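**Student:** Any chance you can model this:
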Amino acid sequence: MTQQFMFPLLVGVAVVALGGSVLLARWAVRVMLLSRLKVVGGAGTSSLVVSSPSGVSRYVDTLQNIGHAVSSGKASVLLRERLTQAGYYSQQAPVVYLGAKTLLFLIGLLGTVAVFLTSSMDTDNKLLLMLTGSVGLFFIPNFVVATRRAQRCNEVRRHLPDAIDLLEICVSSGMGLDMAWNQVADEVRAVCPTLADEMALSNLEIHLGGSRVVAMRHMAQRTGAEELSSLVAVLVQSERFGTAITDSLRNFATTMREMRSQRAQELAEKMAVKLMFPMIVFIFPAAVLVMAGPAFISLFGTFAD
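**Tutor:** Predicted coordinates:
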């Protein structure tokens with residue numbers, strides 16, 4: 001009886017853990033936004049921060065304490081860069097990330113120990129299942145961060161050619177590059193808030209004294225989009241050789257649009273290969289059952305007689 005309830009219980013634990021990781025990711029985004037509003041608005045947004053659920057803040061504080069205990073308050077540059085590309089700009093994001101991984105690993109380990117401790121399975125199988133359950137929960141934050149990174153990068157790549165077109169139009173009309181950059185960021189915000197926020201951060205870095213090239217390189221690192229690195233190279237070459245920025249932006253936008261079309265064609269070509277697995281697993285057995293099922297039934301009836 002214990003083995004009969006083992007699989008449903010594991011499925012339930014996995015579903016609860018996956019749902020908890022999704023809620024954790026949403027809470028982390030909310031905390032990040034509230035902290036940014038507090039920094040920008042000062043006392044004007046203090047009431048908004050206070051009105052946030054106290055349980056969420058205690059949960060995040062717990063994850064921070066666990067992360068500090070595990071990592072000694074230090075995080076690798078690569079981890080911080082990945083979290084930044086996923087949209088987690090807070091300084092405490094790596095610590096919360098490590099704390100979430102550690103907590104999920106302990107939950108998976110304790111849950112599997114509680115399930116398999118009283119079972120009649122072999123010791124090797126118990127250890128293997130315990131390790132599988134704990135490691136599976138341990139890598140859930142990796143999946144969440146990788147998914148957010150891919151979504152943000154694809155969103156920026158999809159809307160960047162239109163933003164470059166708007167930037168070229170603004171520069172051609174006589175606006176300066178900095179003013180045109182701000183105008184494009186305001187116009188793009190309704191369509192792609194991620195790209196607009198990154199452009200606004202780059203503009204803020206320029207106003208604080210950084211060069212445009214360095215600010216845009218930082219923007220490319222935050223988003224993980226290689227097209228932004230190419231845009232930086234185009235602007236550097238335009239300033240170095242004295243060519244017209246409008247022509248460079250127009251050619252770059254055309255190239256990006258062609259690359260987007262080629263990427264769409266590549267995905268369309270891959271779709272036929274990706275559809276083979278669901279067709280073989282789901283559609284083909286049903287079609288064989290419908291077409292050959294009556295014949296097999298008649299054949300079995302004949303042999304039975």
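
**Student:** For the protein, name the helix or strand with the lowest mean pLDDT.
**Tutor:** helix 46-50 (a mean of 33; mean pLDDT, DSSP states H and E).

**Student:** Tell me how far the helix or strand harbouring residue 297 lies from the chain's centre.
**Tutor:** In the assignment (DSSP states H and E), residue 297 maps to helix 284-304. Relative to the centre of its chain, helix 284-304 is centred 47 Å away, using C-alpha atoms, centre = their mean, to the nearest Å.

**Student:** Need the per-residue pLDDT for residue 3.
**Tutor:** Residue 3 carries a pLDDT score of 53 in this model.

**Student:** and what of residue 42?
**Tutor:** pLDDT, residue 42: 43.

**Student:** Residue 103 contacts residue 63, correct?
**Tutor:** Yes. Counting by C-beta atoms under 8 Å, residue 103 touches residue 63, with 6.6 Å between them. In short, each C-beta sits where N, CA and C put it, glycine included.

**Student:** if we can go back for a sec, show me what the helix or strand that comes right after the least confident helix or strand of the chain is packed up against.
**Tutor:** Counting by DSSP H and E, the next helix or strand C-terminal to helix 46-50 is helix 54-71. Secondary-structure packing of helix 54-71 (3 or more C-beta pairs under 8 Å, 6 or more residues apart in numbering; DSSP states H and E): helix 2-41, helix 93-116.

**Student:** any idea which of those scores lowest on pLDDT?
**Tutor:** Looking at those, the bottom one is helix 2-41 with a mean of 63.

**Student:** And for the closest residue to residue 107 other than its chain neighbours, the neighbour number?
**Tutor:** The shortest distance from residue 107 to any non-neighbouring residue, by C-beta to C-beta, 6 or more residues apart in numbering, is to residue 137 (6.2 Å). For residue 137, the neighbour count with other C-beta atoms under 10 Å is 26.

**Student:** Residue 137 sits in which helix or strand?
**Tutor:** helix 123-138.

**Student:** Give the buried residues for that helix.
**Tutor:** 126, 129, 130, 133, 134, 136, 137, 138 (16 or more other C-beta atoms under 10 Å).

**Student:** what angle do the helix or strand just after it and helix 93-116 make?
**Tutor:** Going down the chain from helix 123-138, the next helix or strand is helix 140-172, by DSSP H and E. Interaxial angle of helix 140-172 relative to helix 93-116 (axes from the mean of the first three to the mean of the last three C-alpha atoms, to 10 degrees): 150 degrees.

**Student:** after helix 140-172 comes which helix or strand?
**Tutor:** Counting by DSSP H and E, what follows helix 140-172 is helix 177-188.

**Student:** Next, the buried residues of the helix or strand following that next one.
**Tutor:** Downstream of helix 177-188, the next assigned helix or strand under DSSP H and E is helix 193-207. Within helix 193-207, the residues that count as buried by 16+ other C-beta under 10 Å are 194, 195, 196, 197, 198, 199, 201, 202, 203, 205, 206.

**Student:** now swap in stretch 100-113 and tell me
**Tutor:** Going by 16+ other C-beta under 10 Å, stretch 100-113 has these buried residues: 100, 101, 102, 103, 104, 105, 107, 108, 109, 111, 112.

**Student:** May I ask which two of these are separated the most?
**Tutor:** Using C-beta to C-beta, the buried residues of stretch 100-113 span at most 18.5 Å, a distance reached by 100 and 112.

**Student:** ok, back up a step: save the buried residues of stretch 100-113 as CSV, and put in distance to residue 221 too.
**Tutor:** As requested, the buried residues of stretch 100-113 are exported to CSV (distance: C-beta to C-beta, whole Å):
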residue, distance to residue 221
100, 24
101, 23
102, 27
103, 29
104, 28
105, 30
107, 34
108, 33
109, 36
111, 38
112, 39
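
**Student:** ok, so of these, who is nearest residue 180?
**Tutor:** The closest of those, once distances to residue 180 are taken by C-beta to C-beta, is residue 100, at 41.0 Å.

**Student:** How many residues are close by the closest residue to residue 170 other than its chain neighbours?
**Tutor:** Once flanking residues are discounted, residue 170 sits nearest to residue 180: 3.5 Å by C-beta to C-beta, 6+ apart. Applying other C-beta under 10 Å, we find 21 residues neighbouring residue 180.

**Student:** One more: residue 269?
**Tutor:** 9.

**Student:** repeat for residue 256
**Tutor:** Using other C-beta under 10 Å, the number of residues around residue 256 comes to 20.

**Student:** Perfect, I'm done here.
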